[in-house]
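Peer 1: Fold the following, please.
(chains A and B)
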Amino acid sequence: MGSTNLITDASTQSYGKLIGLDTKHSTPPVNAYVSVDDQLLIFMSATQANIAVTVNARLLLPDGTIVPNTWNFNTNAFRSGVSFAAALPECFILSMVVTANVNSGGRSVYVTVTLARPPIGNSVQNQVLMQGYASLQIPLSWPNGVNQTNLDCVGNIRSITGSTPAAGANISETVPNNARWLLRAFTFSITNSATVANRVPLLQFTDGTNVFAVCGANSALTANQTILASYTWGVPNQLPNATVLVTALSEFLFLSAGFKIQTAVANLQAGDQLTAPQYLVEEWLCP
Amino acid sequence: MPVSHRFKCNACRAEYFDTMPDGTTYAHVCGNPPVRRKKGKPAEFIGRDENTKVDKRGLVAGIKSQGTGVTCLTDGRLEEPAWISALYKHIAAREEKSNA
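Peer 2: Numbering: from 1, shown residues only, chains lettered A, B, ... in the order given. From the prediction side, this is the model:
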């Protein structure tokens, strides 16, 4: 990293004709010298398909010229990762930036850029240049950026409308493939039939089969009652009025792909209808 | 921004929107899995699971289970969520390209 040796004499001029480089004796300005056998390997995962990801780089070529280069890629569908390889000339990579065509509010595109030797899919990765969630306003940067794994940051906050079940059935939501969720809030409405019974709306978490946590209200619902059941962090269980039931939700229950968030209404009757499941999750991509 | 449509699962009769307001697709999975029981055989899942599955090459190969299909409640011309149609179109194009 001998930046003091960069500007020497005018024996070789850059394409801008302003600064000369002594390409024979200069010290590499950055530690990313690549040969023609090296490739740029770009791995991407996103919540949506066809999000444009752009890699911009400045390359110092052997003749002393600095050339910009741009590669464009599209994300694959539904959080499944996809890799692309880009051939490189013999050069020094001076700088590199990755942007994804999403706004900065959503951490929905995760990108890793490495230097690797082919073949793709069985490549030897030699150096991680950048990794993290990218957006238009907050690009990834090399060499001055910070590498971040897919989990060591705030997740993408998403509000999701779930499936309304058939009458007499419970709500069930499944964490999608390649995602990790932290449930922050969950609401649904329950309209009880005329059948006399005390319903207790519970919210349970399963690994797909086995229940490992249950959040329960301490109030029972009766026949012909319609109520909005709300589960969220940091509240005491309460029934503030006849139409809202507030229940504390377990914090820090991280849910992996395939895990389920389900209602388990005790004494649910065949004519009872659960509707409008809406929930707030923090989501991380786990390709 | 893709248009959101409301679908009804023919297996569990749940109703859902295929696209969220943030543009993210929603993958329906039957909650109380409908199963078919045959004597002497393990219960067979006949519900719907719209999560994607991958093949041996690690490539997306479709959704996990079609179940008994879905009915679109907002557009009778749709046989399934648009993102699933797009997914199968993408897979077909990919296979055609790899076979060429």
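
Peer 1: which SSE is residue B:89 in?
Peer 2: helix B:82-99 (DSSP states H and E).

Peer 1: Remind me what that helix packs against, helices and strands.
Peer 2: Applying 3 or more CB pairs under 8 Å, 6 or more residues apart in numbering or on different chains; DSSP states H and E, we find helix B:82-99 packed against strand B:60-65. Any C-beta I mention is one placed from the backbone N, CA and C, and that applies to glycine too.

Peer 1: outside of the very next helix or strand once past the strand it packs on, which residues touch it?
Peer 2: Remark: after strand B:60-65, the chain's next helix or strand is strand B:70-72, criterion DSSP H and E. Strand B:70-72 is touched from outside by B:5, B:6, B:7, B:8, B:9, B:10, B:28, B:48, B:78, B:79, B:80, B:81, with contacts defined as CB atoms under 8 Å, 6 or more residues apart in numbering or on different chains.

Peer 1: between the helix holding residue B:89 and strand B:60-65, how many degrees?
Peer 2: Angle of helix B:82-99 versus strand B:60-65, following axes from the mean of the first three to the mean of the last three CA atoms, to 10 degrees, is 140 degrees.

Peer 1: Can you name the residue of chain B nearest to chain A?
Peer 2: residue B:31 (2.5 Å; CB to the nearest CB).

Peer 1: Correct me if wrong: that residue contacts residue A:169.
Peer 2: Yes. Counting by CB atoms under 8 Å, residue A:169 is a contact partner of residue B:31 at 6.8 Å.

Peer 1: dump the residue contacts of whichever residue of chain A sits closest to chain B.
Peer 2: The nearest approach of chain A to chain B comes at residue A:172, 2.5 Å away (CB to the nearest CB). Contact analysis of residue A:172 by CB under 8 Å, 6+ apart lists A:163, A:165, A:260, A:261, A:262, A:263, B:29, B:30, B:31, B:32.

Peer 1: re the thing from before, could you single out the nearest of the contacts of strand B:70-72 to residue A:129?
Peer 2: The shortest approach to residue A:129 among the contacts of strand B:70-72 belongs to residue B:81, at 36.9 Å (CB to CB).

Peer 1: okay, the nearest residue to that closest one once chain neighbours are set aside: pLDDT?
Peer 2: Residue nearest to residue B:81 in three dimensions, not counting chain neighbours: residue B:18, with 3.5 Å by CB to CB, 6 or more residues apart in numbering or on different chains. Looking at residue B:18, its pLDDT stands at 93.

Peer 1: any idea how far residue B:18 lies from residue B:75?
Peer 2: Distance, residue B:18 to residue B:75, using CB to CB, to the nearest Å: 11 Å.

Peer 1: Quickly list what's touching both of the two.
Peer 2: The contact sets of residue B:18 and residue B:75 overlap at residue B:5 (CB under 8 Å, 6+ apart).

Peer 1: More neighbours: the two, which one.
Peer 2: Just comparing residue B:18 and residue B:75: by other CB atoms under 10 Å in any protein chain shown the higher neighbour count belongs to residue B:18, 24 against 11.

Peer 1: can you list the residues of chain B near chain A?
Peer 2: Remark: the part of chain B in contact with chain A comprises B:9, B:12-17, B:20-32, B:49, B:51-52, B:54, B:60, B:83, B:86-87, B:90, using CB under 8 Å from any CB of the partner chain.

Peer 1: mind running it again at 6 Å?
Peer 2: Within reach of chain A by CB under 6 Å from any CB of the partner chain, chain B has these residues: B:13-17, B:20, B:23-24, B:27-29, B:31-32, B:51-52, B:60, B:87.

Peer 1: hmm, which of these are the buried ones?
Peer 2: Buried subset of these (neighbour count, 16 or more other CB atoms under 10 Å in any protein chain shown): B:13-17, B:20, B:24, B:27-29, B:31, B:51-52, B:60, B:87.

Peer 1: for the closest residue in space to residue B:13 that isn't next to it in sequence, helix, strand, or coil?
Peer 2: In space, and not counting its chain neighbours, residue B:13 is closest to residue A:166: 3.8 Å by CB to CB, 6+ apart. Three-state call for residue A:166 (DSSP: H, G, I helix; E, B strand; the rest coil): coil.

Peer 1: What of residue A:275?
Peer 2: The three-state assignment at residue A:275 reads strand, by three-state DSSP.

Peer 1: Would you check how far apart it and residue A:241 are?
Peer 2: Separation of residue A:275 from residue A:241 (CB to CB): 19 Å.

Peer 1: Tell me where the model's unsure across chain B.
Peer 2: Scanning chain B for pLDDT under 70 picks out B:1-2, B:33.

Peer 1: now the residue of it most remote from its centre, what's its secondary structure?
Peer 2: The outermost residue of chain B relative to its centre, with distances by CA atoms, centre = their mean, is residue B:40 at 29.3 Å. Per three-state DSSP, the local secondary structure of residue B:40 is coil.

Peer 1: how about it, what does it touch?
Peer 2: Residue B:40 makes no contacts at all, as judged by CB atoms under 6 Å, 6 or more residues apart in numbering or on different chains.

Peer 1: Now it: phi and psi?
Peer 2: phi 80, psi 0 (degrees, to the nearest 10).

Peer 1: Could you do the one 10 residues further on as well?
Peer 2: Taking degrees, to the nearest 10, you get phi -90, psi 10 for the backbone angles of residue B:50.

Peer 1: okay but it is in contact with residue B:63, surely?
Peer 2: Yes. If you go by CB atoms under 6 Å, residue B:50 and residue B:63 touch, sitting 4.9 Å apart.

Peer 1: higher neighbour count, the two?
Peer 2: Each of residue B:50 and residue B:63 has its neighbours counted (other CB under 10 Å); residue B:50 has more, 29 against 23.
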